[in-house]
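# everything below, folded, please.
(3 chains)
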Amino acid sequence: MHTFTIHVPTFVEVIEFIGTFAFAISGIRLASAKRFDWFGAYVVGVATAIGGGTIRDLMLNLTPFWMTNSIYLICSALALVGVILFGKFLIRQQNTFFLFDAIGLALFTVVGVEKTLALDFPLWVAIIMGTITGAAGGVIRDVFINEVPLIFRKEIYAVACVIGGLVYGLCSWLGMHLTLVEILSGASVLLARILAVKYHWALPVLKGEDNVTDKS
Amino acid sequence: MHTFTIHVPTFVEVIEFIGTFAFAISGIRLASAKRFDWFGAYVVGVATAIGGGTIRDLMLNLTPFWMTNSIYLICSALALVGVILFGKFLIRQQNTFFLFDAIGLALFTVVGVEKTLALDFPLWVAIIMGTITGAAGGVIRDVFINEVPLIFRKEIYAVACVIGGLVYGLCSWLGMHLTLVEILSGASVLLARILAVKYHWALPVLKGEDNVTDKS
Amino acid sequence: MHTFTIHVPTFVEVIEFIGTFAFAISGIRLASAKRFDWFGAYVVGVATAIGGGTIRDLMLNLTPFWMTNSIYLICSALALVGVILFGKFLIRQQNTFFLFDAIGLALFTVVGVEKTLALDFPLWVAIIMGTITGAAGGVIRDVFINEVPLIFRKEIYAVACVIGGLVYGLCSWLGMHLTLVEILSGASVLLARILAVKYHWALPVLKGEDNVTDKS
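Numbers count the residues shown, from 1 in each chain, chains lettered A, B, ... in the order given. As a prediction, this is how the structure comes out:
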């Protein structure tokens, strides 16, 4: 008997979709400011959305996650279609996208930490992998559009991932239930991002020589 | 008894050599415009020629193809020697190199698609890997010379790889003989490139805000 | 019975620490010239110090070396603390850091060559991997700070790694004792670097067209 089934997405899948969409939008809008064509904008959007997780998976010797599920590329394509159709309107929803981006960052961090711990790496490796999952896509995006990566100079972003990873480790060590650990870890990333932007928290700028002599 | 054998290159090997040479030349000539030294020009040439296939192999968890056969690095070295000896003359053969580049692109795409399908990945992954094989080397080249990647803004290039991958899948599905599938797939890449350049086909440029507010 | 043990670092570990520190400093000081924040400077420092070895390990299908020993990230953190505390004083010790950097380059090259040969790859692959181990971190550093990679244009640097790899192969072929092979190989890298900087040895610049027509 053939039954027709509808896949009801789980809560995590919905959040993952929202995060991927927000990350892709952030790549596509910066690409549009550089007059990229549709293909170029799509590549930058995809790289922003899946680049961090891809680097993580290569370092963990896993098949990149997006190669086993087409939803990430489809989601990025929808982001492109959205920008093409609704252009400036969509791009101007900055508060909405800031929130989507922060939610995605929180989830990506938790996913990165858990994937690494599942392979028996120590917590400090997991925190780095969580941070790479969340923040490296934005670095690739900025390399592609030929700009100095924003996260190296702007308010707290990758540090929010590090905080989330530390909270994950602490809550685990305290023996909390896995779901609670995940929620507290993700919430700490989200909170750090919201507070950082609201109060303009930033790390100190490194003061060096202005005219550094090149090292080859 | 010891017999002396000469390796007679196959048709595919000849095409692969031509494509590698053309890709390496494209990297070396852009490096020369930036006053790179011989070593720098060689690295950019090699990265252009083998960068796409290397990323593909890392994602497929294979040993990068050029580590098991020195012909690719030798071919790139010949391209460097050629530019050093014949300089402007060689670089000015733009029509010839456009054709070589397109032939290489066609072959690299087919190779990328087949290597991926052989590992039982679905067609859409194979099309992406074919496109990465053909087009990612040029992105690495442009990152190395600190320019915005050309393929994100110029006439159809990576899209030709996508077309070739789709033709591969269609012909396979129609039950054609493998050799015919390969020829039709490669020919479609070649044709797409030639038509795109001849008629200045390009994808639409994404119109966004000119003054985008930075996202961190 | 519980005994307290102190880990006495070996000679190689001391050299590796010095090299990592020097590489991290080179990344951090260039990041400081670009007004990166502490986090950005740390990432650039780490990428300079461990980037080459990471690419090597991914190509050799090994777990990146720094994921199994936290000393490399700690050492890079000490370099950041040093620049924050002693700033211009530390950055101005150019001769000291040139020597540290050259010592690190020599050791990294030998490590890269040996790791590759241990996996039964041929010498030419080992030489490339030694060169990548020594020089690729500096390329990543320059991509992150959005500059054309210095090693593509300045005095002999990566070529010193190639020389070291060739000396390694030659001495091995002559049947020398492993320790002697390592010392002579590393010394040749060190010597090549010192002579190159002292006598301004550089490879010829590739002369091409100044106004190259873009290739897509």
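# next up, the contacts around A:Asp142.
By C-beta atoms under 8 Å, 6 or more residues apart in numbering or on different chains, the contact set of A:Asp142 is A:Leu30, A:Val148, A:Pro149, A:Leu150. Every residue, glycine included, has its C-beta placed from N, CA and C.
# ok, now A:Gly51?
Applying C-beta under 8 Å, 6+ apart, we find A:Gly51 in contact with A:Ala136, A:Gly137, A:Val139, A:Ile140, A:Arg141.
# same check, this time on A:Cys75
With contact taken as C-beta under 8 Å, 6+ apart, A:Cys75 is in contact with A:Phe17, A:Thr20, A:Phe21, A:Ala24, A:Ala49.
# for A:Lys115, same thing?
Counting by C-beta under 8 Å, 6+ apart, A:Lys115 has contacts A:Arg56, A:Asp57, A:Leu60, A:Leu62, A:Met129.
# and the first one, how many residues sit next to it?
Using other C-beta atoms under 10 Å in any protein chain shown, A:Arg56 has 25 other residues around it.
# just to revisit the earlier point, secondary structure added to the contacts of A:Asp142, as JSON lines?
JSON lines is the format used below for the contacts of A:Asp142 (DSSP: H, G, I helix; E, B strand; the rest coil):
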{"residue": "A:Leu30", "secondary structure": "helix"}
{"residue": "A:Val148", "secondary structure": "coil"}
{"residue": "A:Pro149", "secondary structure": "coil"}
{"residue": "A:Leu150", "secondary structure": "helix"}
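# which ones, among these, also lie beside chain C?
When contact is defined as C-beta under 8 Å from any C-beta of the partner chain, the contacts of A:Asp142 meet chain C at A:Val148, A:Pro149.
# ok, so of the contacts of A:Asp142, who is nearest chain B?
Set against chain B, the nearest of the contacts of A:Asp142 by C-beta to the nearest C-beta is A:Leu150 (5.0 Å).
# thought that closest one was touching A:Val143?
No. Judged on C-beta atoms under 8 Å, A:Leu150 makes no contact with A:Val143 at a distance of 11.3 Å.
# any idea how far the residue nearest to the spatial centre of chain A is from A:Gly51?
Chain A has A:Gly134 as the residue nearest its centroid, 3.4 Å off, counting by C-alpha atoms, centre = their mean. Here the criterion is C-beta to C-beta, to the nearest Å. By it, A:Gly134 lies 11 Å from A:Gly51.
# what ranges in chain A fall below the confidence cut-off?
A:1-6, A:208-216 (pLDDT under 70).
# now do the helices in it.
A:11-33, A:38-59, A:71-91, A:94-117, A:123-144, A:158-173, A:178-198 (DSSP state H).
# redo those as a markdown table? Include distance to B:Gln93.
Shown next, in a markdown table, are the helices of chain A (distance: least, C-beta to C-beta, whole Å):
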| stretch | distance to B:Gln93 |
| --- | --- |
| helix A:11-33 | 33 |
| helix A:38-59 | 28 |
| helix A:71-91 | 37 |
| helix A:94-117 | 48 |
| helix A:123-144 | 30 |
| helix A:158-173 | 47 |
| helix A:178-198 | 53 |
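# follow-up on the earlier one: could I get the contacts of A:Gly51 as CSV with distance to B:Val159?
Output for the contacts of A:Gly51, formatted as CSV (distance: C-beta to C-beta, whole Å):
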residue, distance to B:Val159
A:Ala136, 26
A:Gly137, 23
A:Val139, 26
A:Ile140, 21
A:Arg141, 21
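# may I see the buried residues of stretch A:170-188?
For stretch A:170-188, the neighbour count (16 or more other C-beta atoms under 10 Å in any protein chain shown) marks A:Cys171, A:Ser172, A:Val181, A:Glu182, A:Leu184, A:Ser185, A:Gly186, A:Ser188 as buried.
# gap between the two ends of it?
Counting by C-alpha to C-alpha, to the nearest Å, you get 12 Å between the two ends of stretch A:170-188.
# just checking, A:Asn61 touches C:Pro64?
No. Judged on C-beta under 8 Å, A:Asn61 makes no contact with C:Pro64 at a distance of 9.6 Å.
# have a look at those two and say which one is more surrounded.
Neighbour tally, A:Asn61 and C:Pro64, criterion other C-beta under 10 Å: the higher count belongs to C:Pro64, 20 against 14.
# which residues touch that one?
Here C:Pro64 is in contact with A:Met59, C:Ile50, C:Gly53, C:Thr54, C:Asp57, C:Leu58 (C-beta under 8 Å, 6+ apart).
# if we look at chain B, which of the residues you listed are close to it?
Among the contacts of C:Pro64, the ones lying close to chain B by the criterion of C-beta under 8 Å from any C-beta are C:Leu58.
# from the contacts of C:Pro64, which is closest to chain B?
Nearest to chain B among these: C:Leu58, at 5.9 Å, using C-beta to the nearest C-beta.
# that closest one against B:Asp57, yeah?
No. Using C-beta under 8 Å, C:Leu58 makes no contact with B:Asp57, being 10.3 Å away.
# quick one: which of those two has more around it?
B:Asp57 (22 against 18).
# how near is that one to B:Thr63?
Distance from B:Asp57 to B:Thr63, by C-beta to C-beta: 7 Å.
# and if you look at A:Asn69?
Separation of A:Asn69 from B:Thr63 (C-beta to C-beta): 26 Å.
# do the same with A:Ile91
Separation of A:Ile91 from B:Thr63 (C-beta to C-beta) stands at 43 Å.
# more neighbours: which of the two?
Set A:Ile91 next to B:Thr63 and count neighbours by other C-beta under 10 Å: A:Ile91 wins out with 21 against 15.
# hmm, back to that, quick one: contacts for the residue nearest to the centre of chain A?
Contacts for A:Gly134 (C-beta under 8 Å, 6+ apart) come out as A:Gly52, A:Leu105, A:Phe108, A:Thr109, A:Gly112, A:Ala158, A:Ala160, A:Cys161, A:Val189.
# so which of those residues reach chain C?
A:Ala158.
# between the contacts of A:Gly134, which is nearest B:Trp124?
Proximity of these to B:Trp124 (C-beta to C-beta) peaks at A:Gly52, which lies at 21.4 Å.
# residues near the closest one, how many?
28.
# check A:Ile84 too.
Number of residues near A:Ile84 (other C-beta under 10 Å) recorded here: 17.
# OK, contacts around it?
Applying C-beta under 8 Å, 6+ apart, we find A:Ile84 in contact with A:Trp38, B:Leu206.
# what's the answer for A:Tyr199, then?
With C-beta under 8 Å, 6+ apart as the criterion, no residue contacts A:Tyr199.
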